[in-house]
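**Student:** based on what follows, work out the 3D shape:
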Amino acid sequence: MRSLFVCCSLFVALGATAQIGIFGSVHGIVHDSQHRPIANAHIQLRAGHSALAFKTLSNADGAFSIPSVPLGDYILTVADPGFADFTQTVTVSGNSMVMLHFQMAVAPVTQIVSVHPEQDTANAETTTPQTEIDRIDIARTPGADRTNSLAMVTDFVPGAYMTHDMLHMRGGHELSWLIDGVLIPGTNIASNVGPQIDPKDIDTLEVDRGSYSADLGDRTYGMFKVVPRTGFERNRDAELVLTAGSFYQTNDQFSLGDHSEKFAWYTSLNGNRSNYGLQPAIPQPANDHENGLGGFVSLLYNHDPSNQYRLITQARSDDYQIPKDPNPNDWENQLYNSSGLSDVERENDSYAALTWLHTFSPRALAQISPFFHFNQTNYHANPSDQPVATIADESGIYTGLQASITTVIAKNTLTAGIYGYAQHESDLFGLLGSTSVNPVITAGVQEVFVEDNFKPATWLTLSAGERETHFAGAISETAFYPRIGIAVQIPKLNWVFRAFYGHFYQPPPLTTLSGSLLSYAQANGDSYLPLYGERNEEHQFGVQIPFRGWLLDADTFQTEAHNFLDHNNIGESSIFIPVTVQGALIQAWELTLRSPHLWRYGQAHLSYSNQIAQQIGGITGGLICFGASKNPGDPCYVAYSYTALDHDQRNTLNFGMNANLPHQIFGSFNVYYGSGFSNGYQAAPSPYSGAYLPPHTTADLALGKNFGERYTITLNALNAGNTRVLLDNSLTFGGFHYNDPRQIYAEFRYRFKF
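**Tutor:** Numbers count the residues shown, from 1 in each chain. Below you'll find the predicted structure:
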């Protein structure tokens, strides 16, 4: 890691810090009807859902610039004596530069006129398909604000769904979370099911789906850019959230926030419990309790117009019972007998990131972010587990730095930076009563990137970047991967066509096996080899079509993966062991439709994905068989043609709306359709003989009312029709997995001053 720290020191010496993915910039020109510039016009950019605001003046050329704007929805107002105020809604996405032109109309003598033009929602600044979800979406979408829920993703993002208790997106499950712009590292695939952040702590979430610029890391399948609550949306305000409902569930939070002209702070505590936690092995959940406790803190200090300091930190703990099928005669238990399980999973996760954001000028932005992440999972089995009782205690510590600088030179937006961390992994895997502690493993990741966005014309954006990663652990690998893209906006129509081609590299987990557990695996025809990083090649084409504030976004993509990262198991007690598969091919086309972000009727959304996710070849690393076999009945069978991955679902559809109703009443619904996941067991005693499991449709509903400014009561019904269906039959966390049962609960929110 020495070279990493040398690079970091060099960046500090140069005063270069990072532009992060949760910031964009807004630029514009103010002129009159004769296209003469208007100097000293007052510009205000105000957040759509909080008190955050930026103010500036136009210069002698009528131009203005507002850098370092967090992503989200804003209302921009231009005012000048003698002209009518001009107001426009603006959506700022990560790493984007919004260019606006304002033609001011002379104000009538007797009145002031406000002009509200249509919002141009198409984004011609990026080749990345994006979905934005704000805190109003999260609060009103049924079930989305619960601590362990990811409905804020699955209800709005095409090709995103939960199966075997893991979020899958675009055919993979290696996803990245950027909290306040800092990429939180984690390589232990499938070892955690706890949340990365409580949805109630989120102000805005931007989900990026492939086609990433070089500064956005390695996870091909999805990037989640979280702008957390900062306190700017509050003025000595506190909020208490209490819920109660079926399965004796409760999901509670207490939060405080305040701000002054320069300083803002926000903090929260949350707790949850339920008799229903993980996806059950049978339609009626058994042995399926969960409980969790967590806290979050955000501090933001604007020292002066050029320097901002931010600190975010979180700590939480979650306990899960592993669900089982208590009837040994059920057909599911004839394939995997979970009737004797009495296992638990305990998880701890905490992180902290300190950010210095420095603005050299309206066209140059820099940032530095040291960070820390601790992750621990403990899987404890019951001694009576059969045929084997296994345990796994994994803990990882990540310390690192993210740094870069972005500047605009002529028509080029240039970004360069570094990202790296040192990892300390300590694992214990074994058979109960005969465990073995693996040696402590250390590893490191060092990355350097450079990116150029070139706008030769207002309707054309060209991007090209290069990222280099060096991984050093049980093995050492170096990867160079270019990324190029183009976005073209058709004049007058404002349609945006985009295309992308790029390569990605994902560092591997550090897990290894030894001792008694390795001996057990070898006795069952398995062995263990070090894991190599996953390498991906992606190309994508898409179009955005805006119409009166609505936005239709469609794309098609193909991802080819080598050493595709997946997971395997040992015994019915379901310890997750990471593996790499020789290859995978994911092909899909996607569509989203969104209403205007600040639409007075509420929010309407639709997302659809038609996808096929396949694998080819044998396991190349992790828990593997000793030798390949061409006999499908052999445990070492290797498919030399493409076969469906266990989480492959061809068609996924979500449609819903959050509606503003009279008398401070609001309602929302979401309808989900899934065509069914691939069927891993097509022979008896399974009742499903087709290549795919049955399709399923569920509906979620919510109805609420605000009582003045202080009180809100909401009634939620998840899977209101109680549709039950087998989602998948892969052996993870206790065997088979059925979808969530019907859950009905009430939520009470109380806001007050302190």
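
**Student:** hey, let's count contacts and neighbours off CA atoms from now on
**Tutor:** Will do.

**Student:** let me know the pLDDT of the nearest residue to Asp237 once chain neighbours are set aside.
**Tutor:** Take Asp237 and drop its neighbours on the chain: the residue closest to it by Cα to Cα, 6 or more residues apart in numbering is Lys753, 4.7 Å away. As predicted, Lys753 sits at a pLDDT of 94.

**Student:** ok, Gly430 next?
**Tutor:** 70.

**Student:** element containing it, please.
**Tutor:** strand 412-431 (DSSP states H and E).

**Student:** tell me which other helices or strands that strand touches.
**Tutor:** Packed against strand 412-431 by the contact rule (3 or more Cα pairs under 8 Å, 6 or more residues apart in numbering; DSSP states H and E) you find helix 2-14, strand 390-409, strand 434-437, strand 441-457, helix 515-523.

**Student:** re earlier: how close does the residue nearest to Asp237 sit to Trp265?
**Tutor:** Here the criterion is Cα to Cα, to the nearest Å. By it, Lys753 lies 15 Å from Trp265.

**Student:** Asp208 too?
**Tutor:** 28 Å.

**Student:** name the residue in these two with the higher neighbour count.
**Tutor:** Neighbours were counted for Asp208 and for Trp265 using other Cα atoms under 10 Å; Trp265 has more, 24 against 21.

**Student:** counting by contacts, list what the helix or strand that one falls within packs against.
**Tutor:** Using DSSP H and E, Trp265 maps to strand 263-274. With contacts taken as 3+ Cα pairs under 8 Å, 6+ apart, strand 263-274 sits against strand 250-259, strand 290-304.

**Student:** nearest to Asp137, of those?
**Tutor:** Each of these was scored for nearness to Asp137 using Cα to Cα, and the closest is strand 250-259 (18.0 Å).

**Student:** for the stretch 1-150 of the chain, what spans make up the strands?
**Tutor:** Using DSSP state E, counting those that start in this stretch, the strands assigned to the stretch 1-150 of the chain run over residues 23-31, 42-47, 53-57, 63-70, 72-79, 86-92, 97-103, 130-134.

**Student:** need those in TSV with distance to Pro491, can you?
**Tutor:** Shown next, in TSV, are the strands of the stretch 1-150 of the chain (distance: least, Cα to Cα, whole Å):
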stretch	distance to Pro491
strand 23-31	18
strand 42-47	26
strand 53-57	29
strand 63-70	22
strand 72-79	23
strand 86-92	19
strand 97-103	15
strand 130-134	22
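
**Student:** hmm, Leu293 is touching Gly271, no?
**Tutor:** Yes: at 4.5 Å, Leu293 counts as touching Gly271 under the criterion of Cα atoms under 8 Å.

**Student:** return every residue with contacts to both of the two.
**Tutor:** Both Leu293 and Gly271 lack any common contact, where contact means Cα atoms under 8 Å, 6 or more residues apart in numbering.

**Student:** and the residue nearest to Gly542 when sequence neighbours are not counted, how many neighbours?
**Tutor:** In this structure, Gly542 finds its nearest non-sequential neighbour in Asp555, 3.8 Å apart by Cα to Cα, 6+ apart. A total of 19 residues lie near Asp555 under the criterion other Cα under 10 Å.

**Student:** just the C-alpha atoms of the host helix or strand of Asp555, please, in CSV.
**Tutor:** According to DSSP H and E, Asp555 maps onto strand 550-570. Listed next in CSV are the C-alpha coordinates belonging to strand 550-570 (Å, rounded to 0.1, in the frame of the first residue of the first chain):
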residue,chain,number,x,y,z
TRP,A,550,-42.7,13.6,-18.1
LEU,A,551,-39.7,11.6,-19.0
LEU,A,552,-39.6,8.3,-20.8
ASP,A,553,-36.2,6.5,-20.6
ALA,A,554,-35.4,3.3,-22.5
ASP,A,555,-32.1,1.5,-22.9
THR,A,556,-30.7,-1.9,-24.0
PHE,A,557,-27.4,-3.3,-22.6
GLN,A,558,-25.2,-6.3,-22.7
THR,A,559,-22.7,-7.3,-19.9
GLU,A,560,-20.1,-10.0,-20.4
ALA,A,561,-18.5,-11.2,-17.2
HIS,A,562,-15.4,-13.3,-16.6
ASN,A,563,-14.9,-14.8,-13.2
PHE,A,564,-18.5,-13.9,-12.4
LEU,A,565,-18.8,-13.5,-8.6
ASP,A,566,-21.5,-15.7,-7.0
HIS,A,567,-22.0,-17.8,-3.9
ASN,A,568,-22.2,-21.5,-2.9
ASN,A,569,-23.0,-23.3,0.4
ILE,A,570,-21.9,-26.0,2.7
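
**Student:** what angle do it and strand 130-134 make?
**Tutor:** 90 degrees (axes from the mean of the first three to the mean of the last three Cα atoms, to 10 degrees).

**Student:** so how far is strand 550-570 off the chain centroid?
**Tutor:** In terms of Cα atoms, centre = their mean, to the nearest Å, the centre of strand 550-570 is found 14 Å from the chain centre.

**Student:** and the next element down the chain from that strand?
**Tutor:** As assigned by DSSP H and E, the chain's next helix or strand after strand 550-570 is strand 575-594.

**Student:** what strands flank that next one, and is each parallel or antiparallel?
**Tutor:** Next to strand 575-594 in the sheet, as set by DSSP bridges, lie strand 550-570 (antiparallel), strand 602-625 (antiparallel).

**Student:** measure Asn287 to Ile322 for me?
**Tutor:** Counting by Cα to Cα, the gap from Asn287 to Ile322 is 7 Å.

**Student:** okay, those two: which has more neighbours?
**Tutor:** It is Ile322, of Asn287 and Ile322, that has more neighbours when counted by other Cα under 10 Å, with 30 against 22.

**Student:** per-residue pLDDT, the more buried one?
**Tutor:** So, for Ile322, pLDDT stands at 87.

**Student:** got a list of what it touches?
**Tutor:** Taking Cα under 8 Å, 6+ apart, one finds 278, 287-288, 341-345, 733-734 in contact with Ile322.

**Student:** for Glu239, same thing?
**Tutor:** 253-256, 749-752.

**Student:** of those residues, buried ones?
**Tutor:** 253-256, 749-751 (16 or more other Cα atoms under 10 Å).

**Student:** just flag the most distant two among those.
**Tutor:** Farthest pair in the buried ones among the contacts of Glu239, by Cα to Cα: Leu256 and Arg749, 13.3 Å.

**Student:** show me what the most centrally placed residue in the chain is bridged to.
**Tutor:** The residue lying closest to the centre of the chain (Cα atoms, centre = their mean) is Phe224, at 2.9 Å. Here Phe224 sits in beta bridges with Trp177, Val207, as judged by DSSP bridges.

**Student:** what's the burial count for Arg650?
**Tutor:** There are 18 residues near Arg650, going by other Cα under 10 Å.

**Student:** separation between the nearest residue in space to it that is not next to it in sequence and Gly171?
**Tutor:** Using Cα to Cα, 6+ apart and skipping the chain neighbours, the partner closest in space to Arg650 is Gln611 (4.7 Å). Taking Cα to Cα as the measure, Gln611 and Gly171 are separated by 8 Å.

**Student:** tell me which of these two has more neighbours.
**Tutor:** Gly171 (26 against 23).
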